[in-house]
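> Return atomic coordinates for the entry below.
(one chain, ligands or ions: 2)
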Amino acid sequence: MARILDVKGRRVWDSRGRATVEAEVTVGRGTTRLATGRAIAPVGASTGSREAKSLDASGAVRNINGLIRDALRSLSASDQKAVDERLIELDGSSDKSRLGANAMVAVSLACAHADAASEKIPLWKRLAGNARVALPVPQIQIFGGGAHARARVDIQDYMVVPIGAGSFAEALEWTAQIYAAAGARLAKKGTLQGVADEGGYWPAFKTNEEALTELVGAIADAGLEPGVDVGIALDVAATQLYRSGRYHLALENRTLAAADMQAMYLRWLERYPIVSIEDPFAENDAPAMQAFTKAAGDKVQIVGDDFFVTSADRVRSANGACNAVLLKPNQIGTLTETFACREAAKETGYRAIVSARSGETEDVSIVHLAVGWGVGQLKVGSFSRSERMAKWNEGLRIEEALGAKALPFPRKLFKK
Ligand code: 2PG
Ligand code: MG
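Ligands and ions are numbered 1, 2, ... in the order given. Below you'll find the model as predicted:
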């Protein structure tokens with residue numbers, strides 16, 4: 001059994017050029033070093049108010065190199081639950097604000113990597129054990145807006161879901177074609193203004209709906225059939241639009257009541273091949289989330305992000321709101337709590353999607369979680385910028401390593 005010999009924190013930089021924290025955990029037997037695992041905490045921009053709280057990077061690094069290092073040394077690296085419980089106990093706060101969720105998540109993930117490395121296997125295999133696993137269906141951003149593009153469009157993510165692809169590799173081939181086609185369309189229209197925080201195009205559209213028509217156009221331009229080969233996923237990130245009980249669509253210069261938002265979504269569901277909508281209503285607007293799930297939950301995946309903040313308790317008390325949950329390890333602070341949320345989703349019959357944050361790095365841990373836990377879906381942003389491509393490329397390597405041992409690619413998820 002490998003024990004934790006050392007824990008080290010370091011200040012590094014994310015995809016927005018902002019400081020974040022990296023942790024390195026070294027494990028071994030006696031005083032013999034066997035392996036080192038490493039992980040970097042991501043950083044969100046459209047954060048839910050109930051998310052675990054991160055500290056500034058320097059404070060998080062200080063905690064790793066002091067309190068956390070002292071508390072974890074000599075614990076078994078294979079007992080992830082014990083490691084995470086020790087972190088939670090040491091933190092002692094209700095929102096991870098003492099140690100910092102960024103410090104905790106980096107250490108928790110680095111420990112998992114170190115333990116896998118000590119057994120000379122990749123993390124996904126360590127998590128899967130003997131279970132057969134599949135690659136996840138990706139949600140890939142083509143247009144970015146909201147908090148990731150100075151609200152140029154109100155909706156934060158317009159994504160494609162290659163629902164008809166036969167493999168992860170094919171899903172990425174199709175996405176590459178759509179991403180290129182979308183860029184060409186926007187350039188031709190004169191509406192291309194660069195890329196948003198996650199690498200999707202930053203478009204100068206006149207309405208939020210224009211992005212949907214352009215996305216359908218780009219899928220068709222790529223020679224693929226909208227709704228058959230490729231569906232659309234939205235992340236409205238509606239908490240960002242919610243003020244004084246109404247939803248503010250700045251691009252269209254209008255504010256809508258929840259019922260009007262619902263009517264708009266229902267109309268979009270009729271017109272466009274939308275298979276998934278994330279945070280269609282604000283984190284505190286549970287009645288609207290419940291009403292929409294009642295009205296459309298049999299037709300479309302309704303995902304809670306800010307709404308659930310990766311909390312198993314919040315998923316268990318959803319009371320009919322949403323039918324899927326986004327899993328972001330840094331929203332809750334440890335691997336064990338993220339897994340508990342995944343289990344809560346299973347119990348309640350909700351689907352799950354492992355997700356990156358808008359501030360990312362070369363860290364590819366989340367791809368291993370999606371595969372190893374058999375989550376079925378993965379969202380990591382667009383199809384450009386290396387902090388995103390590193391994750392898609394890691395998926396390709398895992399698919400290759402699994403070979404014929406992989407479960408079939410879960411394309412039946414969204415088949416009508
Ligand atoms: C989200 C994420 C990723 P952020 O809202 O789902 O798109 O954004 O990391 O800024 O919360
Ligand atoms: Mg979201």
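> in stretch 47-59, what counts as buried?
Of all the residues in stretch 47-59, those buried under the rule 16 or more other C-beta atoms under 10 Å are 47-48, 50-55, 57. For the C-beta atoms, the positions are set from N, CA and C on the backbone; glycine is no exception.
> Max pairwise distance over the residues you listed: which two?
Maximum pairwise distance among these (C-beta to C-beta): 22.2 Å, between 50 and 57.
> if we can go back for a sec, return the subset of the buried residues of stretch 47-59 lying in helices.
Cross-referencing the buried residues of stretch 47-59 against helices under DSSP state H gives residue 57.
> what subset of the buried residues of stretch 47-59 is also close to ligand 1?
Contacts with ligand 1 within the buried residues of stretch 47-59, as defined by C-beta under 6 Å from any ligand atom: residue 47.
> what's the closest of the buried residues of stretch 47-59 to residue 147?
Among the buried residues of stretch 47-59, and counting by C-beta to C-beta, the member closest to residue 147 is residue 47, at 9.0 Å.
> Return the helix or strand in the protein with minimum mean pLDDT.
Of all regular secondary-structure elements in the chain, judged by mean pLDDT, DSSP states H and E, the least confident is strand 192-195 with a mean of 89.
> Just checking stretch 124-141 against ligand 1, any contact.
No - residues of stretch 124-141 are not located near ligand 1 by C-beta under 6 Å from any ligand atom, the shortest gap being 7.2 Å.
> That stretch close to ligand 2?
No - using C-beta under 5 Å from the ion, stretch 124-141 stays clear of ligand 2, coming no nearer than 10.4 Å.
> for that stretch, how far is the first residue from the last?
In terms of C-alpha to C-alpha, to the nearest Å, the two terminal residues of stretch 124-141 are separated by 24 Å.
> quick one on the thing from earlier: nearest to ligand 1, out of the buried residues of stretch 47-59: which one, please.
Distance ranking of these against ligand 1, using C-beta to the nearest ligand atom, places residue 47 first at 5.5 Å.
> ok, that closest one touching residue 328?
No - under the contact definition of C-beta atoms under 8 Å, residue 47 does not touch residue 328, with a separation of 9.7 Å.
> Domain-wise, how is this protein divided?
3-120, 137-405 (automatic domain parsing).
> would a markdown table of the buried residues of stretch 47-59 with distance to residue 279 be doable?
As requested, those are exported to a markdown table (distance: C-beta to C-beta, whole Å):
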| residue | distance to residue 279 |
| --- | --- |
| 47 | 12 |
| 48 | 9 |
| 50 | 13 |
| 51 | 13 |
| 52 | 18 |
| 53 | 20 |
| 54 | 20 |
| 55 | 25 |
| 57 | 27 |
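> Format the buried residues of stretch 47-59 as a markdown table; extra columns: distance to ligand 2 and pLDDT.
Formatted as a markdown table, the buried residues of stretch 47-59 follow (distance: C-beta to the ion, whole Å; pLDDT from 0 to 100):
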| residue | distance to ligand 2 | pLDDT |
| --- | --- | --- |
| 47 | 10 | 95 |
| 48 | 9 | 96 |
| 50 | 14 | 98 |
| 51 | 11 | 98 |
| 52 | 16 | 98 |
| 53 | 18 | 98 |
| 54 | 17 | 98 |
| 55 | 23 | 98 |
| 57 | 23 | 98 |
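> and residue 5, which of the three is it?
Residue 5 carries the three-state label strand when classified by DSSP: H, G, I helix; E, B strand; the rest coil.
> Let me see the contact set for it.
26-28, 31, 33, 73 (C-beta atoms under 8 Å, 6 or more residues apart in numbering).
> Can you check the pLDDT for residue 416?
Listed pLDDT for residue 416 reads 59.
> Residue 176: neighbour count?
Here the neighbour count serves as a burial measure; for residue 176 (other C-beta atoms under 10 Å) it reads 15.
> my guess is it meets residue 383, correct?
Yes - with contacts defined as C-beta under 8 Å, residue 176 counts as touching residue 383 at a distance of 6.3 Å.
> Return the members of the contacts of residue 5 classed as buried.
Among the contacts of residue 5, those classed as buried by 16+ other C-beta under 10 Å are 26-28.
> So which of the residues you listed belong to strands?
For the buried ones among the contacts of residue 5, membership in strands holds for 26-28, with DSSP state E as the criterion.
> tell me how far the ends of stretch 284-303 are from each other?
Taking C-alpha to C-alpha, the first and last residues of stretch 284-303 lie 15 Å apart.
> Against ligand 1, how distant is the residue nearest to residue 72 when sequence neighbours are not counted?
Beyond its immediate neighbours in the sequence, the residue positioned closest to residue 72 (C-beta to C-beta, 6 or more residues apart in numbering) is residue 4, lying 5.0 Å away. Noted for residue 4: a distance of 29 Å to ligand 1, by C-beta to the nearest ligand atom, to the nearest Å.
> Could you tell me which residues make contact with residue 4?
With contacts taken as C-beta under 8 Å, 6+ apart, residue 4 has the following neighbours: 25-27, 72-77, 83, 111, 114.
> what's the spacing between it and residue 184?
Noted for residue 4: a distance of 51 Å to residue 184, by C-beta to C-beta, to the nearest Å.
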